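Participant: Give me a 3D structure for the following:
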Amino acid sequence: MSSAKNLAMPIGEPIFTGPVITNQDLYRAAWAASLGSALEYYDFALYNLASALIFGPLFFSSHDPTVGLIASFGTYFLGFAIRPVGGVVFGILGDRLGRKLVLTLTILLMGSASTLIGALPTFATAGIWAPILLVALRLLQGLGAGAEQAGAAVLMTEYAPRDRRGWFAALPFMGIQGGIVAAALVYYAALLGIGDVTQSGLWRVPFLLSVVIIGVAIWMRLKLKESPTFAKLEASHQVDTHPLAHLLGHSRRTVLLVFGLRMAENGSSSIYQALAISYLVTVIGLNGQIGTISLVLAGLSGVVIVPLVGLLTDRVGRVVVYRWCAIVQLLMAYPIWWVLSQGNATVSAITIAVALFTSWGMFATQGALLPELFGARHRYIGVAFGREISAVFAGGIAPLVGSLIIAWTASHYGGGPGAGRPAWIPLATYVAVLTLISLVTTFYTPETRGRDLDDLRDAGQTAGV
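Facilitator: Got it, this is the predicted structure:
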């Protein structure tokens, strides 16, 4: 519990050495965090694919495919909109009760909701209850996911040796790529040879398989030790009973930095993984399996890129790596979307994977960068709050805005087949604007590599807490 006496203690001075973290503990934590991250993005990649390909006709009654697509991406957005609530609730608990307990709770909630999506009735059998139940489970999924990735990043950053944080904190983000690949492969296998995916119940199987990952991840997380930083806070009675109030009172600038950094990474990731696939299928007219192929290629590239970039940030710094990723993404925005508009299936799949290279680079850098930006007492809530609020305006709203852009463009050009093709220009501009926000933000972000994680101040602060 906070007190005036505790607030007056020397900043960053350890009170107690904390639990001894062996190599076995470190690698167990890496596996546990990575599996949870894999489940989170397995679920979200499944939902991306389902939103673009099947949820419209299955859960929303409409004779106009564009209306069904907008409604489907509307539920996709709701999952992002509720994530800040989950981030705040579980972020507060993570700073008050510890990282380990909260990570176990979040994966249980998120995985259970995803599994139940696979058991839902469709509009044809349940009427209006079908979309209501889908929305409800999407909200529960978003609540759990709201603090999962933040918790994994915080746990690994606090577990890892000072000079290897970039590498270890990137490993859960590599697990994310594995989750994307697993989702795409499972979806591809389940729907292989099926002409109309809405006429087969096999779309349920990938969601139902979430239960397997839940069991393994929970078992591993229950065997973890608490993070050394939180253990020290507990031992020295410096755990803050109101971490959100402390965050908003002392760390508004740091939260705004997270917002800015997330625009390019989260926005472009969501645009290329969900909206671009929908554009290729519903506007260009490519086969629906282009989505699964694209995500497999993108995920496999991420498995390689993420740990290498994490290692690079340990060598040259977090901010410079982030800045160069943003610069390259900005330069690629218009060429990428022009290529997608040409309608070549093979080239489009490769192009989406290439487009995500820079997203993966920024994503990997965030693993250590975001936790290092915040002080010890409000680190979990800081990362969760910053990540999830920004995700609403970056990745969450992007497919919905993009689908409206496509619909407007199609209407403007007569509404016939392929009328939405010219939408590639405003869609590329959308990516460019988000990227510019992050690029500018890097010039206001302090370098965090190697900082003391027991310090109660945020990075770059010169005054006391």
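
Participant: So which elements touch the strand or helix carrying V255?
Facilitator: Under the criterion of DSSP states H and E, V255 resides in helix 252-270. Using 3 or more Cβ pairs under 8 Å, 6 or more residues apart in numbering; DSSP states H and E, the elements in contact with helix 252-270 are helix 318-341, helix 357-373, helix 379-391, helix 398-412, helix 424-442. Every residue, glycine included, has its C-beta placed from N, CA and C.

Participant: Check the offset of that helix from the chain's centre.
Facilitator: Counting by Cα atoms, centre = their mean, to the nearest Å, helix 252-270 is centred 11 Å from the centre of its parent chain.

Participant: Give the residue spans of the stretch 101-250 of the chain that score low on pLDDT.
Facilitator: Applying pLDDT under 70 to the stretch 101-250 of the chain flags residues 190-200.

Participant: got the residue ranges for the strands in it?
Facilitator: Assigned by DSSP state E, counting those that start in this stretch, the stretch 101-250 of the chain shows no strands.

Participant: And A326, how far from L369?
Facilitator: Distance of A326 to L369, given as Cβ to Cβ, to the nearest Å: 13 Å.

Participant: The two: which is more packed in?
Facilitator: L369 (30 against 27; other Cβ atoms under 10 Å).

Participant: Please tell me the pLDDT value assigned to the nearest residue to that one once chain neighbours are set aside.
Facilitator: Distances taken as Cβ to Cβ, 6 or more residues apart in numbering put R318 closest to L369, at 4.1 Å, once the chain neighbours are dropped. Reading off the confidence values, R318 has pLDDT 97.

Participant: And for A52?
Facilitator: A52 is assigned a pLDDT of 61 by the prediction.

Participant: What mean pLDDT does the host helix or strand of L78 get?
Facilitator: Assigned by DSSP H and E, L78 belongs to helix 65-97. If you average the pLDDT over helix 65-97, you get 76.

Participant: Begin at 19, not 1, for the rest of this chat.
Facilitator: Shifting the count to begin at 19 puts that one at helix 83-115.

Participant: Contact partners for D258?
Facilitator: D258 makes contact with S20, D113, R114, H264, R395, H396 under the criterion Cβ atoms under 8 Å, 6 or more residues apart in numbering.

Participant: Got the phi and psi for it?
Facilitator: Dihedral pair for D258: phi -80, psi 130, per degrees, to the nearest 10.

Participant: before we move on, what about G361?
Facilitator: When read as degrees, to the nearest 10, the backbone of G361 gives phi 90, psi 10.

Participant: which residues does it contact?
Facilitator: Taking Cβ under 8 Å, 6+ apart as the test, what G361 contacts is L298, I302, G303, L304.

Participant: And the furthest pair within those residues?
Facilitator: Using Cβ to Cβ, the two most remote members of these are L298 and G303, lying 8.3 Å apart.

Participant: Show me which of the two is the more surrounded one.
Facilitator: Of the pair L298 and G303, L298 is the one with more neighbours under other Cβ under 10 Å, namely 25 against 11.

Participant: If I follow the layout properly, the more buried one ends up in contact with S366?
Facilitator: Yes: using Cβ atoms under 8 Å, L298 is in contact with S366, at 5.6 Å.

Participant: overlap in contacts of these two?
Facilitator: Among the neighbours of L298, those also in contact with S366 (Cβ under 8 Å, 6+ apart) are L304, I308, L358.

Participant: Now do the same contact list for the second one.
Facilitator: So that's I308. I308 is in contact with I295, L298, V299, A363, S366, A367, counting by Cβ under 8 Å, 6+ apart.

Participant: re the thing from before, what's the closest of the contacts of D258 to E283?
Facilitator: H396 (22.4 Å).

Participant: If you tally nearby residues, what's the number for the closest one?
Facilitator: 29.

Participant: relative orientation of the helix or strand hosting L53 and helix 270-288 in degrees?
Facilitator: Secondary structure from DSSP H and E places L53 in helix 41-71. Helix 41-71 runs at 60 degrees relative to helix 270-288, counting by axes from the mean of the first three to the mean of the last three Cα atoms, to 10 degrees.

Participant: can you give me how far helix 41-71 is from the chain middle?
Facilitator: Worked out by Cα atoms, centre = their mean, helix 41-71 lies 10 Å from the chain centre.

Participant: And stretch 139-147, by the same measure?
Facilitator: For stretch 139-147, the distance from its own C-alpha centre to the chain's C-alpha centre is 30 Å (Cα atoms, centre = their mean).

Participant: ok, I39 - contacts?
Facilitator: The contact partners of I39, by Cβ under 8 Å, 6+ apart, come to Y177, K243, P246.

Participant: again, only using 10 Å
Facilitator: Shown in contact with I39 (Cβ atoms under 10 Å, 6 or more residues apart in numbering): A47, E176, Y177, A178, P179, K243, S245, P246, A249.

Participant: Alright, calling it a day.
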